[in-house]
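Chemist: With the sequence up front, the predicted model follows.
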Amino acid sequence: MFTGTLHPYQHDGVNRILSDRRLLVAYSMGTGKTVMAIAALEEMLGRGDIRRIVILVPSSLKFQWAQAIAAFTDAPKRTLKVRGAKLTVPTEDVCVIVNGPPAKREQQWERAQHADYVIASYGAVLHDWKHLCAVWADALVLDEATAIKNFAAQTTKRIKKLRPPVRVALTGTPVENRPEEVFSIMEWVNEKILGRWDLFDKSYINRNWFGGVTSYKNLDLLHRNLSKAMIRKSRLDPEVAKYLPAVTETTHAVQLDKTTKAVYKAILLDLQQAMDELAEAGQELDVAAYYAGVRPEAGFGAQGKVMARIQAARLLLDHPQLLMDSAVAYHETKAEGSEYAAQFAASRTDLPDLNHSPKLNALDDLVAVMVDEGAKVAIFTDYRKMLPYLSERLEKHGDLVHFHGQLTADKKAAALAKFKTDPDCRIFLSTNAGGYGLDLPEVQYLINYDLPYSNGLLAQRNTRHVRASSTFERVHVVNLVVENSIEERVQATLRLRQNLSQAVIDGRGTHSIDMDVESLSDHIGNSF
């Protein structure tokens, strides 16, 4: 039985899940989608409408979901020790958390046959597929449902084969960069809502002669159709806003020193040459792929050269050592590093002091002030290899934890528990792995050390501390952006994609939108 207390704005979400049974719950981040889902599922369990629920989540959220079920239901509880941290979760006859090595997971899947809740990561779709299929579930919940935004991904294809009577997709960002993403999600939730792909393509997408997307159209119609199987409430809605802290977002401009600026401009010259080669080849930069996070030098030819140079510029702006690390990694493995970074580093005799980063200096000054105020701070970066440099500089301000995708679920849970419960642990350093789903109501300041490629990911990052459980009247987001650099262009493009998302999901803004209103070549020209 559900024992929590819902805010008034959450009742609509619970009622729509109970009535529709197949629903995209697109409430803004921090508004309590997990609690709403648990309330609806407990009601269905109590009625006898369903017997078993499978919840698929990003790996970092498995224990967070189990803790939420324990906190908001009358399920019998147990204390789980995870790398020194004590977590309260339901007993295994109620909730099985699939976690650990293969042999252990196999035993857990056997116990899952008799539990009410089964919590597994999306990795189970690939690694434990036969066990997942063997667990008969009346309800399947996809948390952070953008995990199935990519049509071609094997995880997406397999999940779309799972069609229990109750299907609930949870995400505050169903359109991260392109409307095609929400089509993929809705194809699983209720395939009748948006119809066939070819009709969707004709109705909402304008393409050029080569088939590339040039703009989107009829976004007001797309919003109306989505709403037939989607419920959306924004943190900006008056009925929601009063339960969340206010948010102040600022951009902190960083100036490069003379040496770093000279090296940066050298990379831009190479970028301009690569852009010219792209034009001569009669190709266009696939902006959608770039901002969706496609990595450079991955068989993209002339386009790969452009993307590799953009990547090198971003590494340099974060920390010169990152660029050198990429060069070294290429020589050592060729799998992780960049060929362009290796060639560029070998050709220069004027590389800046590898221990000097104007942006890191600016961050250090900001964190010093925030910690002196008694605040806890979350800092996000695109690059896992940036974390040690951040840690080395910031550890003088207090204990800190790292959070990234190469940590096991146990280690992630332990890091999160330490940050939440230890008053001396003041700084949460994270890659994008911490951008999805984590609740960080203890945080008053969130700093984007760099901006991600994806608007949806940025929206997810920026709301980790904008939670109904926050005790702050106001929280802050600070974006570190190097002046007159490619980072300013990334920020402008992210705003464009935010407008696109709002038009589709919130029904606000323009009814059509161009893909890319800024010219990369113009940016390069203006930088000299």
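Modeler: Everything's here; your move. Residues are numbered from 1 along each chain as shown.

Chemist: use CA for all of it now, contacts and neighbours both
Modeler: OK.

Chemist: Using PDB, write out the CA atom coordinates for stretch 427-439.
Modeler: What follows is stretch 427-439, C-alpha atoms only, in PDB (Å, rounded to 0.1, in the frame of the first residue of the first chain):
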ATOM      1  CA  ILE A 427      31.600  18.500  -3.500                       C
ATOM      2  CA  PHE A 428      30.000  16.000  -6.000                       C
ATOM      3  CA  LEU A 429      32.100  15.600  -9.100                       C
ATOM      4  CA  SER A 430      30.200  13.900 -11.900                       C
ATOM      5  CA  THR A 431      30.300  13.100 -15.600                       C
ATOM      6  CA  ASN A 432      27.000  12.800 -17.500                       C
ATOM      7  CA  ALA A 433      26.400   9.500 -15.700                       C
ATOM      8  CA  GLY A 434      25.100  11.500 -12.800                       C
ATOM      9  CA  GLY A 435      22.900  13.700 -15.000                       C
ATOM     10  CA  TYR A 436      20.000  11.300 -15.200                       C
ATOM     11  CA  GLY A 437      17.600  10.600 -12.400                       C
ATOM     12  CA  LEU A 438      19.700  11.400  -9.300                       C
ATOM     13  CA  ASP A 439      18.100  13.300  -6.500                       C
END
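
Chemist: chain center to it: distance?
Modeler: Put simply, stretch 427-439 sits 9 Å off its chain's centre (Cα atoms, centre = their mean, to the nearest Å).

Chemist: contacting residues around that stretch?
Modeler: Contact with stretch 427-439 is made by 29-30, 58, 60-61, 64, 144, 376-384, 387, 390-391, 398-405, 419, 457-458, 460-461, 464-465, 467, as judged by Cα atoms under 8 Å, 6 or more residues apart in numbering.

Chemist: Next, count neighbours for Q113.
Modeler: For Q113, the count of nearby residues is 18 (other Cα atoms under 10 Å).

Chemist: Identify the residues contacting it.
Modeler: In this structure, Q113 makes contact with V135, W136, judged by Cα under 8 Å, 6+ apart.

Chemist: pLDDT weak spots in this structure?
Modeler: 281-300, 334-335, 509-528 (pLDDT under 70).

Chemist: let's see 80
Modeler: Residues of the chain that meet the criterion pLDDT under 80 lie in 83-84, 210-212, 278-303, 333-336, 348-355, 434-437, 493, 496-497, 508-528.

Chemist: are any of the contacts of stretch 427-439 buried, and which?
Modeler: Buried members of the contacts of stretch 427-439, scored by 16 or more other Cα atoms under 10 Å, are 29-30, 58, 60-61, 64, 144, 376-384, 387, 390-391, 399-404, 419, 457-458, 460-461, 464-465, 467.

Chemist: Pairing partners for the host helix or strand of H402, with directions?
Modeler: Assessed by DSSP states H and E, H402 sits inside strand 399-403. The strands beside strand 399-403 in its sheet (DSSP bridges) come out as strand 425-430 (parallel).

Chemist: what packs against whatever helix or strand comes next after the strand it pairs with?
Modeler: Downstream of strand 425-430, the next assigned helix or strand under DSSP H and E is strand 443-448. In terms of contacts (3 or more Cα pairs under 8 Å, 6 or more residues apart in numbering; DSSP states H and E), strand 443-448 is packed against strand 376-380, strand 474-482.

Chemist: Adding distance to E106, write these out as JSON lines.
Modeler: Below are the helices and strands packed on strand 443-448 laid out as JSON lines (distance: least, Cα to Cα, whole Å):
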{"stretch": "strand 376-380", "distance to E106": "35"}
{"stretch": "strand 474-482", "distance to E106": "43"}
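
Chemist: domain assignment for the protein?
Modeler: For the chain, the structural domains run 8-194+228-241, 246-254+357-486, 258-355+518-526, going by automatic domain parsing.

Chemist: In contact with Y264, which residues?
Modeler: A313, L316, L317 are the contacts of Y264 under Cα under 8 Å, 6+ apart.

Chemist: With Y340 instead?
Modeler: Residues in contact with Y340, defined by Cα under 8 Å, 6+ apart, are K305, A308, R309, A312, A327.

Chemist: Throw the domains of the chain into CSV and include distance to L222, thanks.
Modeler: Shown next, in CSV, are the domains of the chain (distance: least, Cα to Cα, whole Å):
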stretch, distance to L222
domain 8-194+228-241, 8
domain 246-254+357-486, 18
domain 258-355+518-526, 20
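
Chemist: Could you check those domains and tell me which one is nearest Q502?
Modeler: Among the domains of the chain, domain 8-194+228-241 comes nearest to Q502, with 8.7 Å by Cα to Cα.

Chemist: now that closest one, how far from the chain's geometric center?
Modeler: In terms of Cα atoms, centre = their mean, the centre of domain 8-194+228-241 is found 17 Å from the chain centre.

Chemist: Just the terminal-to-terminal distance for it.
Modeler: Chord length of domain 8-194+228-241, first to last residue, is 12 Å (Cα to Cα, to the nearest Å).

Chemist: let's have the chain start at 36 instead
Modeler: Renumbered: residue one is now 36, and that last one reads domain 43-229+263-276.

Chemist: now the helices: where do they sit in the stretch 236-385 of the chain?
Modeler: Ranges of helices in the stretch 236-385 of the chain, per DSSP state H, counting those that start in this stretch, are 254-261, 273-276, 293-315, 322-326, 337-353, 355-367, 374-382.

Chemist: which of the ones you listed sits most buried?
Modeler: Highest mean neighbour count of the helices of the stretch 236-385 of the chain: helix 337-353, a mean of 22 (counted as mean count of other Cα atoms under 10 Å).

Chemist: Run the angle between that one and helix 293-315 for me.
Modeler: Computed with axes from the mean of the first three to the mean of the last three Cα atoms, to 10 degrees, the direction of helix 337-353 lies at 170 degrees from that of helix 293-315.

Chemist: List the contacts of the most centrally placed residue in the chain.
Modeler: Nearest to the geometric centre of the chain sits L492, at 3.7 Å (Cα atoms, centre = their mean). With contacts defined as Cα under 8 Å, 6+ apart, the neighbours of L492 are E211, N467, G470, Y471.

Chemist: quick one: which of those is nearest K394?
Modeler: The closest of these, once distances to K394 are taken by Cα to Cα, is N467, at 18.9 Å.

Chemist: picking up where we left off before, distance to Y488 added to the helices of the stretch 236-385 of the chain, as TSV?
Modeler: What follows is the helices of the stretch 236-385 of the chain, written out as TSV (distance: least, Cα to Cα, whole Å):
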stretch	distance to Y488
helix 254-261	23
helix 273-276	28
helix 293-315	18
helix 322-326	4
helix 337-353	11
helix 355-367	18
helix 374-382	20
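
Chemist: Which among the helices and strands packed on strand 478-483 is found nearest to H366?
Modeler: That would be, of the helices and strands packed on strand 478-483 and by Cα to Cα, strand 411-415, which comes in at 27.9 Å.

Chemist: Contacts for the helix or strand that the closest one is followed by next, please.
Modeler: Counting by DSSP H and E, the next helix or strand C-terminal to strand 411-415 is helix 422-429. Contacts to helix 422-429, defined as Cα under 8 Å, 6+ apart, come from residues L395, D399, V402, T416, L435, H437, L464, S465, T466.

Chemist: Against Y484, how distant is the residue nearest to the fifth one when sequence neighbours are not counted?
Modeler: Leaving aside its chain neighbours, L435 sits nearest to I462 (4.6 Å; criterion: Cα to Cα, 6 or more residues apart in numbering). Distance from I462 to Y484, counting by Cα to Cα: 13 Å.

Chemist: quick one, which of these two is more surrounded?
Modeler: The residue with more neighbours, out of I462 and Y484, is I462; 26 against 22, by other Cα under 10 Å.

Chemist: circling back to that earlier point, would you point out the most distant pair within the contacts of L492?
Modeler: Of all pairs in the contacts of L492, the most separated under Cα to Cα is E211 and N467 at 14.0 Å.

Chemist: Cool, thanks, talk later.
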